Every structure is written in C-alpha cells, then in structure tokens.
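Peer 1: Got a predicted model here, sequence first, then my questions.
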Amino acid sequence: MKTGNCILHIEKATKKQKCLIWTLRQYKEYLIAGDSLGEVTIWDLKFGTLIKSFNHLKADILALAVNEKYDTLYATGVDSRVISITLQTDSETGYKDWVLSSIYRGQSHDIKSLVLLSPNTLLSGGVTTDICVYKL
C-alpha cells in the first residue's frame, strides 16, 4: 500500500475565512473547484496554478456539471442559482478565457445536484422535492 504520494498539491489561500472545497470536476487540462465561499475556481492541472475564479454565487457551491463538448461548465449550491461559465477562444490570437455566460434561477432552495441530459437540457435537484429543467 502506497501512502503520501501526492504529486500535486493545490492550496486555496483565502483571507476571508476558512474555506472548504465541496465539489471537484476535471475539465480537459483544468480542475474546477466549488467551495464554501461561493467561488468557482479554475486551476491548471499541470502546474497547479489558479487560472480564474468566479464569485457570482453567494453561498456554498455543492454541484458542478460539464457539457460533452467541454466548452461550458455549470455551478450551483446553497444560493439556488445556477451559473454557466464558458471557455471562449479568440479566433485571431488563440487566447482562451473563461467568462460568465448565464445565470439561471429555477429552484427556491439549496440545489444539491446537476445533470446534463442533453446539450440543451440541464436538470437540478435539491432540498425541495422538485426537479427543475433548464433549457440552455
């Protein structure tokens, strides 16, 4: 049994307060994290460096989903809003940048899970007994 073989250690330093990482997703060469401060952070997996962060949700992020084309990710949680973040590439320079593309609100309380049914349909479920369908 091997122990202590961490090959990459990413630490999220924060001055605000203690921060807990609630959810992680790999997205091509990126690691996406949702945390207890309501931030979605995007990290470079090769170097462990922070690429970009989004603080559009005001409470714990509990669920992340990534589409099949790997060009959009969705985040949600206690805030009960769903945000979409898109990786855009400049056609002239090839420069890639993550941008907030949409904010949805379908649920009234904490959202615990997200599922992409198809490229145009996202489902959310949470502490209420309903499932919300979003047409993307």
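Peer 2: That came through, no problem. Numbers count the residues shown, from 1 in each chain.
Peer 1: Go through stretch 32-47 and flag the buried ones.
Peer 2: 32-43 (16 or more other C-beta atoms under 10 Å). The way it works is simple: take the backbone N, C-alpha and C, and place the C-beta from them, glycine included.
Peer 1: swap in stretch 104-114?
Peer 2: 104, 106-107, 110-111, 114.
Peer 1: what's the spacing between that stretch and its chain's center?
Peer 2: 14 Å (C-alpha atoms, centre = their mean, to the nearest Å).
Peer 1: How about stretch 25-40?
Peer 2: On the basis of C-alpha atoms, centre = their mean, stretch 25-40 sits 5 Å off its chain's mean C-alpha point.
Peer 1: Between the two ends of it, what distance do you get?
Peer 2: 11 Å (C-alpha to C-alpha, to the nearest Å).
Peer 1: Please enumerate residues in contact with that stretch?
Peer 2: Residues lying outside stretch 25-40 but in contact with it, judged by C-beta atoms under 8 Å, 6 or more residues apart in numbering, are 10, 12, 14, 16-24, 41-46, 51, 53-66, 70, 73, 75, 77, 79, 83, 85.
Peer 1: 7 Å instead?
Peer 2: 12, 14, 16, 19-24, 41-46, 51, 53-55, 57-62, 64, 66, 70, 73, 75, 77, 79, 85 (C-beta atoms under 7 Å, 6 or more residues apart in numbering).
Peer 1: One more: stretch 52-64?
Peer 2: By C-beta under 7 Å, 6+ apart, stretch 52-64 touches 22-23, 25, 32, 34-36, 38-42, 73-79, 81, 83, 85, 98, 100, 103, 111-114.
Peer 1: Contact partners for the residue nearest to Arg105 when sequence neighbours are not counted?
Peer 2: Among residues not flanking Arg105 along the chain, Arg81 sits closest, at 5.0 Å (C-beta to C-beta, 6 or more residues apart in numbering). Counting by C-beta under 7 Å, 6+ apart, Arg81 touches 57, 103-105.
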